[in-house]
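Peer 1: One predicted model, sequence on top.
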2 protein chains.
Amino acid sequence: MAKPIAGPEIERLIQLLAKLPGLGPRSARRATLHLVKRKDQLLAPLAEAMDRARANVLVCSNCGNIDTRDPCTICSDATRDQSTVVVVEDVSDLWALERAKALNAAYHVLGGVLSPLEGVGPEDLTIRRLVERVAEGGISEVIVAVNATVEGQTTAHYLIDQLAGFDLKITRLAHGVPVGGELDYLDEGTLSAAMRARTAF
Amino acid sequence: MAKPIAGPEIERLIQLLAKLPGLGPRSARRATLHLVKRKDQLLAPLAEAMDRARANVLVCSNCGNIDTRDPCTICSDATRDQSTVVVVEDVSDLWALERAKALNAAYHVLGGVLSPLEGVGPEDLTIRRLVERVAEGGISEVIVAVNATVEGQTTAHYLIDQLAGFDLKITRLAHGVPVGGELDYLDEGTLSAAMRARTAF
Ligand SMILES: [Zn+2]
Ligand SMILES: [Zn+2]
């Protein structure tokens, strides 16, 4: 923009909104205009919701999930099978599995993957706490749901080593063809895995 | 979502962010996670920026633009040609023209278009103020930059009628082929207009 077209408060709002994933500079302008036209219905409630989230968000000391209570909503949910723990890299993975209603279980959020290149070691993740949870008892299955990347698999193997001494079922997500996925677009590793794991009609 | 996976503060933030244009429920979740992981760097500044915008945003009493000062930044800009007024439907059109650096002029934001079907009459728009501005003097050209829709054109004709008594140049945007536009995809009206308005190389 060659010249300022609005006061600094509006320009700042555009700049900050543009930092959200999914919003570029252009859509940040549209969102800002949408907000300032709806001061009472949307802008004020959103400012307040952000302020409350800022003041209340914390990391669950049990599982590493992000919530506004500790233990988190999921760890406190007695209707979940707390004996099954799904280990994920990030809270976004937890949310994705919950959206899919994949399982009514507990979680453990690692906070990343082991990456010697990026200097991420076991102490940078919540691995020690996972081992503690298992040692405390009451967990019968750990589902290692890390991403199917090299670093994810390295992390999975490290976890399996750490959990080797316990009487525990350790599983991982099945590889296969995504639902609705076209074979043509899938990589060879996925196709081979799907073929090996084929099931009867 | 079958079960709550986070406290009400986080769920509320997701719900409100999902109301922004360009963000659906899924991207609102991603944005929320992005924010709560960056409490100090992004969430707190954004909450504050929204609060400031909410407290300070107003509609320019001269031109109908949205800003945090009245008269607005554009009306107060002495380096702009304030004798040329570009009439637009919405602030978003003003921003689009400014992004394009189309002209270094003043604006007048109508706040919509005439629409008998939706009960929008002249008094619902800032038409009276536009006539006042012209009557106050100092304006030599009004560029009617409303959208090329039926209602936009109805509004344009109404404006031209209202401004007929003044010594004033009234112009409109040229129709033509969008820069980078493929002829194949353009409607016949645009193509005919572009042909009639053809210029020499
Ligand atoms: Zn938890
Ligand atoms: Zn103004």
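Peer 2: Structure's in. What do you need? A quick note: this is a predicted structure, and the numbers were derived from the prediction, not measured. Ligands and ions are numbered 1, 2, ... in the order given.

Peer 1: So which residues of chain A form helices?
Peer 2: Assigned by DSSP state H, chain A shows helices spanning A:8-17, A:25-36, A:44-56, A:91-99, A:127-136, A:150-162, A:188-196.

Peer 1: pLDDT weak spots in chain A?
Peer 2: Residues of chain A meeting the criterion pLDDT under 70: A:1-2, A:200-201.

Peer 1: Show me the longest strand that occurs in it.
Peer 2: Ranked by residue count, the top strand of chain A under DSSP state E comes out as strand A:81-88.

Peer 1: what does chain A put close to ligand 2?
Peer 2: Within reach of ligand 2 by C-beta under 5 Å from the ion, chain A has no residues at all. (Glycine included, C-beta is placed from N, CA and C.)

Peer 1: follow-up on the earlier one: strands paired with the longest strand of chain A, and their directions?
Peer 2: On the basis of DSSP bridges, the sheet neighbours of strand A:81-88 come out as strand A:105-109 (parallel), strand A:141-144 (parallel).

Peer 1: Distance-wise, check A:T154 relative to B:I10.
Peer 2: 31 Å (C-beta to C-beta, to the nearest Å).

Peer 1: Mind checking which of the two has more residues around it?
Peer 2: Applying other C-beta atoms under 10 Å in any protein chain shown to A:T154 and B:I10 shows that B:I10 carries more neighbours, namely 25 against 15.

Peer 1: Now mean neighbour count too, for the strands paired with strand A:81-88, in CSV please.
Peer 2: What follows is those, written out as CSV (neighbours: other C-beta atoms under 10 Å in any protein chain shown):
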stretch, mean neighbour count
strand A:105-109, 24
strand A:141-144, 20
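
Peer 1: picking that back up, mind putting the helices of chain A into CSV with distance to B:Y158?
Peer 2: Written out in CSV, the entries for the helices of chain A read as follows (distance: least, C-beta to C-beta, whole Å):
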stretch, distance to B:Y158
helix A:8-17, 30
helix A:25-36, 25
helix A:44-56, 35
helix A:91-99, 50
helix A:127-136, 69
helix A:150-162, 63
helix A:188-196, 61
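
Peer 1: centre of the chain versus stretch A:35-54, how much separation?
Peer 2: The chain centre lies 25 Å from the centre of stretch A:35-54; the measure is C-alpha atoms, centre = their mean, to the nearest Å.

Peer 1: From the rest of the structure, what touches it?
Peer 2: A:10, A:13, A:34, A:68, B:9-10, B:12-13, B:16-17, B:19-20, B:32, B:35-36, B:39, B:43-44, B:46-47, B:50-51, B:53-54, B:57, B:66, B:91 (C-beta atoms under 8 Å, 6 or more residues apart in numbering or on different chains).

Peer 1: one step back: of the helices of chain A, which is nearest A:E182?
Peer 2: Distances from A:E182 to each of the helices of chain A were compared by C-beta to C-beta, and the smallest falls on helix A:188-196, at 11.3 Å.
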